[in-house]
Each structure stands twice: as C-alpha cells, then as structure tokens.
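S.K.: Here is my input; please provide its structure:
(chains A and B)
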Amino acid sequence: MNLILDIAWTHVRARVRQTGFAVAGVATGVGFSIMMASLMQGSQDDFTARLVDTLPNVTVSDERRTPPRQPADTLYAATEIHGLTPEARRRGIKNPLASMAALEAWLPGAVGPSVKVQAIIRYANHDIATNVIGIDPRREAMVSDLPKQMRGATLTALYRATNAIVIGDRLSDKIGARIGANITLQTSEGARINAQVVGYFHSGVRQLDDSTAYVLTKTGQILSKQTGLINELRVRLRDPMSSREIAARIESDTGYKSVSWQEANEDLISTFIIRNIIMYTVVGAILLVASFGTYNIISTITHEKARDIAIMKSLGLTEYTVRSIFVIEALIIGFAGAVAGFVLGYLLCLALGSIEIKNPFIDSDHLPLAYSYVHYLLAGAVALVSSVVAGYQPARKAARLHPVEIIRGAT
Amino acid sequence: MSAIPLIEARNVTRILPGIVPTTLVQGVDLSIRENEFVAITGPSGSGKSSLLYLLGLLDLPTSGEVLVRGTETTHMPEEDRAHARLTMLGFVFQFHFLLPEFTVLENVMLPMRALGKLSRAQMRTRGGDLLGSLGLGDHINKRPDQLSGGQRQRVAVARALANEPPVILADEPTGSLDSKSSEQVFELLRDLVRVEGKTVVAVTHDLGMAERMDRHIELLDGRVRADERHDLAGRVSG
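M.R.: The predicted model follows:
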C-alpha cells in the first residue's frame, strides 16, 4: 500500500470508536439526503406524470396572445384610435380539420379536436360552474388518458344516449349525480339541454375531477350554439418534455394561442423549483453538520499525532505528504460514510415506501418515491467534498507544525 | 576523504522570537567532516540540541548559513531541505519516537518508503538486515511498546540508517537508558563510525562518553567554548 494511504488507514483504524462516530455522522447525512431527494423527486415526478397524462401536452385554442389589430391600424401608418372596441370575430378555429392535418404532418404525436364550453350543471338544487368539453371518443385515446381514467363505463358510453355526459368523480360526489341521472346544462349563450350521466372519470387532478365534464363534440357545439365549432385542438406528444418548443412552433405557424402543459402549470412548476431549493438547502445543512464530525476527528488525530508528524518531518517527509495523510483520512471517513449512507438511504426509502398512507391529494396509498442513482452520486459527492474541506484545515495546520517545537516539548 | 566538509555552520545564530527574544545559538562556526565521531556537550540551555537541529536542517538559523556537502541550505525550498534530511541525515532522539501503530520493521522501512527508490521486497530485506545487525532480528514484527528502552533506541538507530545517510545526528541518544543499554547504544554508534565509515554527531550530557569520542565540542550560552580532537589513546589536540 502507498505510504500515505498506509499511515492514514492506520490512524483511522486505530480509533475505531471515534472514526465510527464520524462515519455514522456522514452516513446519516447521506442517508437522509438520499431519502429526502427520493421523496421530493418521487412526489414531483408523480405529480408531473399525472399532469402530463391527464392534460393535453399542448392546447391550441381559438384565442390570440394579443388582440387583433384594428383595420385602421393596418391601413394607416399613424393613427390614434379612441373608444373603438376590437374587431369581433366568429369563435372557433378556422378549418379545424385542415389545421389538424397540417399539424399532424410534422409534429411527433397526435391531435384531437374539441369544443370547450363554460356551463352551469344543475342537479338536485346544486348549481356548479363546469368546463364542458366536447370530444371525439375515438380520437381521445390518442390525445389523453381519459379512456383509462373512466369509472363505471367506457368512454364509448357517450354514444349510448342523446346528450350523454361523463363527469368527474368528485363532481359526481358533490352533486350526488350517479350513472343514469339526468342533469341540466346551461350556458351563458343561453343554451339549455338535459344530459344523462353515463360514466365518471378520475384523473387524480383535483381541479379536473371537481369541475370538468365530457360530452360528444356535437353536444358541445349545441351548447355553444355554433354548428361545426372546434375551439380547441388538443395535442399529445411522444416526448411531453418537448411541449414548450412544439407549442411555440404551432403558435407561430397557426397564429392561435398554444399553451404547453408547462406553461399552463407554471405556478406549480415554479413551486417545484422553490421546493427543490429548500430541499437542497436542508440536505446541504445536514451534510455540513456531518462534516463537523469529520473536522473534529481529523483535528483530534492531528493533535494526538503531533509527535508522529514531527518525527515524520524530521525523517524527511514533506509538508505535502503530511497534509495528504490527513486529507486522505478525511476522505476515508467521507467515503465510508457515503457507502454506509447509500445503504441507509436505500433502507430508509424502502421503509418509507412501505408505509401505507391515506392522502386525499394522491391516489396511491404509498408515498411516491423516485429511485435514482443521481441522488446517490450527488449525496456521495457532497459528502466526499465536505469531508475533504473539513479535513483540509487541520491537515494544513498539521503539515505546518514545526518539528523542533514538538520534539523540544516532548523532551 | 573529500576536502568539502559534510556539514558546515558559518556564523550561525538562532534567536527565538518573543516578547523577550531568546538567543539559542550565537555566531557558531563549525565543520563536520566525513568519518568523525563528534560529541556536543554543555550545560542545560547552552544550545546543544538547537545547534544539532540547525545542523540537521530541522531548524533555520536567524542569521548565518548551514552548508551540506558545500551546498547552502538556508534558502532552499522546504521540499529540498526535506529531501536532504531523507537522503543525507539520520536522526536519533533521546526518546525513540517510533510510530506506535507500526511494527518495528515498518518503522525502519518508513524512510525507505518515503524515498521510494527500492521495491517493497528490497525494503523488507534491507530493514530485516539492519535490525538483524543490531540484534533485533527476532523482534521485527513486534510493536515498539513490546520492546525495552534499549531495543527501541536501537530500532531508532536502524531507522536512521535506513536510507544509508552519511551523517547520523543523535540528540541525547542514551539519555533515557540505563547504563548497560547506554553502553550498547554508544558502541553501536561508535561502530557506525569505525566500521561503516559514517559520521556521527551526538549531543550528550555524559562527559565520560564525550571523552571517548573523536571530537568534543563544548558549548556555553550558545557559543562554542571548546572544540577538541582526541586521538585513539585519548590525547587531546586543540
């Protein structure tokens, strides 16, 4: 074994209890860091997956990001207009089928047409504002997980009755409407129809399950009082993470406002960023505290070994060699702590994953955990770096000890 | 024999800084030549050990210079001074200063490993031979705390000889030993000079021992008070 390693290993091995405590400190830091990262990442992934699965990756609506220019603005270069309302346009996406075909020609995924209408559901003295979405059940499987989220019936049940409707399970519970119930839908355009509940869906996203209902496209057009209306194109991509770029391209191609799932949930995603900052701060603090243990043991060893340091220097070992010995000792503690921390972290994750939990905000009865080697590498790297940093100062001090002072003191 | 002294001190002064600066060594001029057996004596606080540490490059003079084989060392980088200690000088202290966690053989191998010129097997062989020649062949795998004081000091001598340095510097090498062990260590040092041609510079309180060495340097208040050479019959020449 290399001389530096040999001496370092001998020092560490000779203090089993002290070294054990320092290693345990680092291991605890690493273990809990891995557990926390796993839990945070797991819940984030779970939530993101639910958003991605449930909502369209990109929603193209018949709106524009900026109001259309007034004709006078277009005709005259310098015009100031007062008290003129913007030009009113007929609702809906122009030539929706042609637009869909054009999009499907290049984008990696599928496009589904829909009609989105705001309506009041009336049933048993309940008036609930609801998003009613008219869809084509045969295309829906290509653009969302709605067919998989159905409860009590399949999505094709929409074809079974005139004005059939599928409502969110939370909405169903709220108004007490079961399958077969006849509910009334009324829109701001003045349309009013009776619809029969033919099934429920459960997406796991509370906002959707609480206030969304699906009908056939034709029923949606009746509610909006506009035949042939398609006011939303719902896009599902093979790679949901590319939604921002695809949405930007659709918007520039069509002029219609295209919103990616990330943009639609920007507030939540920014919450994740803050949450991650908090997590890494806490993890950093844990590992910092653990590094105090390493600092402590290296300081103790250098103090106890002052005479040995003096003798090594008198024999001709350089400051660099002496410093390296103690930095290696810190590394040994950090490495052993990291390895033990990996095992501890994994066991903590297993233990946490086995706990049954009833949480109204999540579907699973177990905590969502993400097992990623990145968490282990990150925690291990931070543990090693903090150990070296903690060990460097006492090592440097030890290397600078003047051998004569120590030898004089010893004699 | 080379005309260049092995170690040379030129007007060396060492002052310990502090509120009241303490002069340890003052204006010492000294040459140590090959194959000399030199005793440095003097009362406590006369600067014997301080001079030895200066000659052994463990300490830096406040003024003056120390030359090893004609090379000025005072302004050398610390790494070069460390290398000079590793190759040119061997230290034996009053207390053995062996590393307690290592075996006797591992302690002797330490300077060889630091120098890194021999293979592991060669180091073991040389370490074993050295210990054998000092009567410690049966103790190579023992820890220092399993040996007597005299044995430990002999291990320290073996360690000092590990890299075959031309000079051995010994600071009170018999100071902590009984009379029998002291005599053994003295004979060992003398044989290094007589048989192996080494140079030994030893600080000692034992004037009887100093009289039996080739050269006797006496210090008083950090200055050289006397520098006498003895012939084999013990006659003094100035």
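S.K.: The helix or strand hosting residue A:270 near chain B anywhere?
M.R.: Per DSSP states H and E: residue A:270 is located in helix A:266-304. No - figure legend: helix A:266-304 not in contact with chain B (C-beta under 8 Å from any C-beta of the partner chain); closest approach 10.6 Å. Glycine gets a C-beta too; all of them are placed from N, C-alpha and C.
S.K.: is it true that residue A:164 touches residue A:155?
M.R.: No - counting by C-beta atoms under 8 Å, residue A:164 does not reach residue A:155; the two are 10.3 Å apart.
S.K.: for chain B, what spans make up the helices?
M.R.: B:48-55, B:78-88, B:104-115, B:120-133, B:149-161, B:179-194, B:207-211 (DSSP state H).
S.K.: quick one, strands of chain A?
M.R.: With DSSP state E as the criterion, chain A has strands at A:58-61, A:109-123, A:126-135, A:150-151, A:164-168, A:182-187, A:192-201, A:212-216, A:232-237, A:258-260.
S.K.: about what we covered before: least confident of the helices of chain B, on average?
M.R.: Lowest mean pLDDT within these: helix B:179-194, at a mean of 83.
S.K.: Pick the most deeply packed of the strands of chain A.
M.R.: strand A:164-168 (a mean of 27; mean count of other C-beta atoms under 10 Å in any protein chain shown).
S.K.: what's in contact with that strand?
M.R.: The contact list for strand A:164-168, computed with C-beta atoms under 8 Å, 6 or more residues apart in numbering or on different chains, reads A:121, A:130, A:132, A:150, A:153, A:155, A:157-158, A:177, A:183, A:185, A:195-203, A:208-216, A:219.
S.K.: what number of residues lie near the closest residue to chain B within the stretch 201-350 of chain A?
M.R.: Nearest residue of the stretch 201-350 of chain A to chain B, counting by C-beta to the nearest C-beta: residue A:316, 2.7 Å away. Per other C-beta atoms under 10 Å in any protein chain shown, the neighbour tally for residue A:316 reads 25.
S.K.: same check, this time on residue A:228
M.R.: With other C-beta under 10 Å as criterion, residue A:228 counts 10.
S.K.: thinking it is in contact with residue A:218, fair?
M.R.: No - using C-beta under 8 Å, residue A:228 makes no contact with residue A:218, being 9.7 Å away.
S.K.: gap between the two ends of stretch B:129-149?
M.R.: 21 Å (C-alpha to C-alpha, to the nearest Å).
S.K.: is chain A contacted by it?
M.R.: No - among the residues of stretch B:129-149, none lie within reach of chain A under C-beta under 8 Å from any C-beta; the closest is 11.3 Å away.
S.K.: how about that stretch: buried residues?
M.R.: If you call a residue buried by 16 or more other C-beta atoms under 10 Å in any protein chain shown, then stretch B:129-149 has these buried ones: B:130-131, B:134, B:136, B:139-140, B:143-144, B:147, B:149.
S.K.: hmm, who's touching that stretch?
M.R.: B:96, B:98-105, B:107-108, B:127-128, B:151-152, B:154-155, B:157-158, B:161-162, B:176-178, B:181, B:188.
S.K.: Tell me where the model's unsure across chain A.
M.R.: Scanning chain A for pLDDT under 70 picks out A:1, A:68, A:78-79, A:84, A:86-88, A:359-364, A:409-411.
S.K.: Could you rerun that using 50?
M.R.: Applying pLDDT under 50 to chain A flags the ranges A:411.
S.K.: What residues does it have near chain B?
M.R.: A:3, A:6-7, A:10-11, A:14, A:307-308, A:310-321, A:402-404, A:407-408, A:410-411.
S.K.: Could you give me the PyMOL syntax to select whichever of the residues you listed are buried?
M.R.: To isolate the buried members of the residues of chain A next to chain B in PyMOL, using 16+ other C-beta under 10 Å:
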select buried, chain A and resi 3+6+7+10+11+307+308+310+311+312+313+314+315+316+317+318+319+321+403+404+407
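S.K.: among the residues of chain A next to chain B, which are in helices?
M.R.: Filtering the residues of chain A next to chain B for helices - DSSP H - leaves A:3, A:6-7, A:10-11, A:14, A:307-308, A:310-315, A:319-321, A:403-404, A:407-408, A:410.
S.K.: What residues does residue B:43 make contact with?
M.R.: Counted by C-beta under 8 Å, 6+ apart, residue B:43 has contacts residue B:220.
S.K.: cool, residue A:135 as well?
M.R.: A:112, A:114, A:146, A:158, A:214-217, A:220.
S.K.: ok, so of those residues, who is nearest residue A:394?
M.R.: residue A:146 (62.7 Å; C-beta to C-beta).
S.K.: Phi, psi for residue A:56 please.
M.R.: Main-chain torsions, residue A:56, degrees, to the nearest 10: phi -60, psi 150.
S.K.: Nearest to residue A:101, out of the strands of chain A?
M.R.: Across the strands of chain A, closest to residue A:101 is strand A:109-123 (C-beta to C-beta), at 8.7 Å.
S.K.: That closest one pairs with which strands?
M.R.: strand A:126-135 (antiparallel), strand A:182-187 (antiparallel), strand A:232-237 (antiparallel) (DSSP bridges).
S.K.: pretty sure residue A:314 is touching residue B:82, no?
M.R.: No - Residue A:314 lies out of contact with residue B:82 (C-beta under 8 Å); the separation is 9.5 Å.
S.K.: Now do the shared contacts for the two.
M.R.: Counting by C-beta under 8 Å, 6+ apart, nothing touches both residue A:314 and residue B:82.
S.K.: what's the burial count for residue A:297?
M.R.: 26.
S.K.: ok, the residue nearest to it when sequence neighbours are not counted - contacts?
M.R.: Once flanking residues are discounted, residue A:297 sits nearest to residue A:22: 4.3 Å by C-beta to C-beta, 6 or more residues apart in numbering or on different chains. Applying C-beta under 8 Å, 6+ apart, we find residue A:22 in contact with A:293-294, A:296-297, A:333, A:337.
S.K.: and what of residue A:38?
M.R.: A:345, A:349, A:352, A:369-372, A:375.
S.K.: That one and residue A:342: what is the separation?
M.R.: 12 Å (C-beta to C-beta, to the nearest Å).
S.K.: again, but for residue A:236
M.R.: Distance from residue A:236 to residue A:342, by C-beta to C-beta: 38 Å.
S.K.: now swap in residue A:30 and tell me
M.R.: The gap separating residue A:30 from residue A:342 is 7 Å, by C-beta to C-beta.
S.K.: These two - which one has more neighbours?
M.R.: residue A:30 (32 against 21).
S.K.: Disregarding residues adjacent in the polypeptide, which is nearest to that one?
M.R.: Using C-beta to C-beta, 6+ apart and skipping residues adjacent in sequence, the residue nearest residue A:30 is residue A:341, 2.4 Å away.
S.K.: Which residue does chain B have closest to chain A?
M.R.: Taking C-beta to the nearest C-beta, chain B has residue B:86 as its residue nearest chain A, at 2.7 Å.
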